Every structure is written in C-alpha cells, then in structure tokens.
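K.L.:
What would the 3D arrangement of this be:
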Amino acid sequence: MENLSVFRALEDFRAVSTRLDPGLFTVALLAALAASCAASALYRYFYESRGTGSQVHRAFPLLGISITTLFIGVQLSIPLSLGLLGSLSIIRFRTPIKEPEEVGFIMLVIAASISAATFNFRFLVILYLVAAATLLLIRGSRRWRGLRRAGVLLLALPDSDAETASAEVFAYLDRHLGHSVLESSTSRDGTTSLQLAFSGMKVPVPDLQAGLRRLAPFETINVFLDRPGGIR
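P.N.:
You can find the predicted model right below:
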C-alpha cells in the first residue's frame, strides 16, 4: 500500500509537471515582479514621505511572486491546492497595519499577482493605469481649497496687541497658508487666544512662527498637524 501511495504521488507530480509550461510560468513571475515593483514605486512616490507606517512596500516584490506561484499551483492540481490552503492557514501576521493606504496597496499587489497567475495581462495593465490615475486624482483633490484640514494653529498674545496687530497677522497668514479659517477667539486674564484651522503651508513651520513673532509679541505660537508629514 505504501508503494502504491508513493507511485500515485509520483504520477501526480508528473502530471503537474507536464501541465506546467516553464516559459509561461517565468512570464507570469516576471509580470508579477514588475507589477509589484510598480506598486512599491507608487507607494514611495505618493505616501512614503508622509507615512508613519511599517515600510510595507519593501515586501511587495516577494509578495507578488509568492502569490503568483501559489495561485498557479492551485490551478494545476486540486490536491495541491488543498495542501496549500492548509499550510497557509497557520500563517499569522503579528505586525499591525499602521496606515490605511497599506491595505489598499497590499490588495493591489494581490490583484496584480492573481492577474499574472491567470495570464490576464491586459487586466493587469488596466488595473495599474486606473490605480495610478486614482492616486493622481486623490493627490490633486488635496490641493482644493478648504477640502482637507491639515492642522490647527493656536496663537496667544496680549489683548492690547491683538487689537492693533490682528489685521497684519491675518494678512500674513493668508500669504503663507493655503487656506485658513478662524474657528474660535477667546480673551481671558488679558490674553487673547486664537484658534485657526488651515490647509496647506507655503513655508516651513519655524519660518512661519518667526514671521508671526516679528509682527506681534505672541506669548505662544503652537502648530498642530493632523498627520505628521501631511503637508507638502
């Protein structure tokens, strides 16, 4: 019985080998690798400078070729596919996803790998064209005035100076911020506190603070960003 089982396993292996064209397999792997590198480049270009995630794009090339190989194996043999699913069920990812865009890029790599594994290369090209256009559209939408708040600016100065310097301060902010809105203004114990929401910043934060201090004797100038590195 044991020899019969070994014989059947060898026959299954020969059947899989004859159905697998090494040339097509290589083409699929190269397509998946190219798509994964393209996804990594898109991630770096659009999100790396602003992200605080786990640098997940470094795993995209290996993910792409691994997923492609798995799905090609699943197509070739039902027993092999069941074995692959059983082995994959023990895998657990312990590193949490820190940025929401990481989920989208991982799904992009998976979709591209499945397209390469099923030799739907036209779908692969269309997928990346639409993905690139979507990312460009998202980036362009951030520049629309008032569409997305980038942070909050908190200013505090004496009441006497607030009356005389307010016009110059707001004019200065209009020149150096993409868009700003005064959300609240309070006066307590001789100090006026202003809270402004802004989107976009045309100068570095230290230069903005230095320019404001030249206009009026501010007691505090605090800039809070909604997302670290979120201003471009």
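K.L.:
now the strands for this structure?
P.N.:
Ranges of strands in the chain, per DSSP state E, are 151-158, 177-188, 191-201, 220-225.
K.L.:
mind checking which of the ones you listed is nearest residue 100?
P.N.:
Evaluated over the strands of the chain, closeness to residue 100 peaks at strand 220-225, with 17.2 Å, by C-beta to C-beta. C-beta coordinates here come from the backbone N, C-alpha and C atoms, glycine included.
K.L.:
now that closest one: mean pLDDT?
P.N.:
Averaged across strand 220-225, pLDDT comes to 84.
K.L.:
what are the pairing partners of it, and which direction each?
P.N.:
strand 151-158 (antiparallel) (DSSP bridges).
K.L.:
CA atoms only for the partner strand - export them in PDB, please.
P.N.:
These are the backbone C-alpha positions of strand 151-158, laid out as PDB (Å, rounded to 0.1, in the frame of the first residue of the first chain):
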ATOM      1  CA  GLY A 151      -3.700  71.200  11.100                       C
ATOM      2  CA  VAL A 152      -4.600  73.800  13.700                       C
ATOM      3  CA  LEU A 153      -2.700  77.000  14.600                       C
ATOM      4  CA  LEU A 154      -3.000  78.300  18.200                       C
ATOM      5  CA  LEU A 155      -1.900  81.900  18.900                       C
ATOM      6  CA  ALA A 156      -1.900  83.700  22.200                       C
ATOM      7  CA  LEU A 157      -1.000  87.400  22.600                       C
ATOM      8  CA  PRO A 158      -1.900  90.300  24.900                       C
END
